[in-house]
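Student: this one's structure only:
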């Protein structure tokens, strides 16, 4: 079956612009999580959506937002881009299984470069 | 504050050597997962451990969850060049939210 699909894979933006990243989860997976990966900070949790509702949120400024559609596809948006937003943005889907043992399947990521 | 400390951060060894990667925390996790990530790809789940003291083996990889569920280790026996990659531990608490360690970059030279 198809894995988690993220688009675009690569993009370059300039400071002050905004960006929208898309994630299509595995069929049947209702939970979508977003992570930011940078060399200095590693993987950091952004937010998680389940049934179109944000269920968990990490410690990122309000410039970072997301949403989930009725078909479980998700988008995240970053407004007023800063140089420090350059990162690999990873989306992961899961069935939202039992507490504490959630199994995530990651996409290949969207690499954002802010100039 | 890094809740999960992974060590070492970098490891370069020869093919056939053994190695251990550690993942430590002062916090208790309900589960501990290990992922491997290759360049240009997302992390791929290797194993999930949920019981304190649990040991799981995956071919040449052995994973252990500490008795207090605060730490974990990954041991690779007779490493091969194909084991090269970034190894990440992740602690689970809330559904859908994992806390990741900084990762261990492993290079296995032929």
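Tutor: That came in fine, so what should we check first? Computed from a predicted model, the values in this text were never measured in an experiment.

Student: I'd guessed residue B:48 sits against residue B:33; true?
Tutor: Yes: between residue B:48 and residue B:33 a contact is recorded at 4.9 Å, counting by C-beta atoms under 8 Å. C-beta here means a position set from N, CA and C on the backbone, and glycine is covered the same way.

Student: Just name whatever secondary elements the worst-scoring helix or strand of chain A on mean pLDDT is in contact with.
Tutor: Here the helix or strand of chain A ranked lowest by mean pLDDT, DSSP states H and E is strand A:53-57, holding a mean of 89. Here strand A:53-57 touches strand A:42-50, going by 3 or more C-beta pairs under 8 Å, 6 or more residues apart in numbering or on different chains; DSSP states H and E.

Student: just checking, what packs against the strand it packs on?
Tutor: So strand A:42-50, by 3+ C-beta pairs under 8 Å, 6+ apart, packs with strand A:31-38, strand A:53-57, strand A:64-68, strand A:74-78, strand B:85-92, strand B:98-100.

Student: Now render those strands as CSV, adding distance to residue B:52.
Tutor: Converted to CSV, the helices and strands packed on strand A:42-50 look like this (distance: least, C-beta to C-beta, whole Å):
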stretch, distance to residue B:52
strand A:31-38, 26
strand A:53-57, 25
strand A:64-68, 34
strand A:74-78, 34
strand B:85-92, 13
strand B:98-100, 18
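
Student: Let me have the ones you listed in TSV, extended by distance to residue A:16 and mean neighbour count.
Tutor: Converted to TSV, the helices and strands packed on strand A:42-50 look like this (distance: least, C-beta to C-beta, whole Å; neighbours: other C-beta atoms under 10 Å in any protein chain shown):
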stretch	distance to residue A:16	mean neighbour count
strand A:31-38	19	24
strand A:53-57	24	14
strand A:64-68	15	19
strand A:74-78	11	21
strand B:85-92	32	24
strand B:98-100	30	24
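
Student: do you know which of the ones you listed lies nearest residue B:39?
Tutor: strand B:85-92 (8.2 Å; C-beta to C-beta).

Student: wait, what's in contact with the residue positioned nearest the centre of chain A?
Tutor: Chain A has residue A:34 as the residue nearest its centroid, 2.9 Å off, counting by C-alpha atoms, centre = their mean. Going by C-beta atoms under 8 Å, 6 or more residues apart in numbering or on different chains, residue A:34 touches A:23, A:45, A:46, A:47, A:48, A:66, A:74, A:76, A:89, A:90, A:91, A:92.

Student: now do residue B:90
Tutor: Applying C-beta under 8 Å, 6+ apart, we find residue B:90 in contact with A:43, B:4, B:32, B:33, B:34, B:35, B:98, B:99, B:100, B:101.
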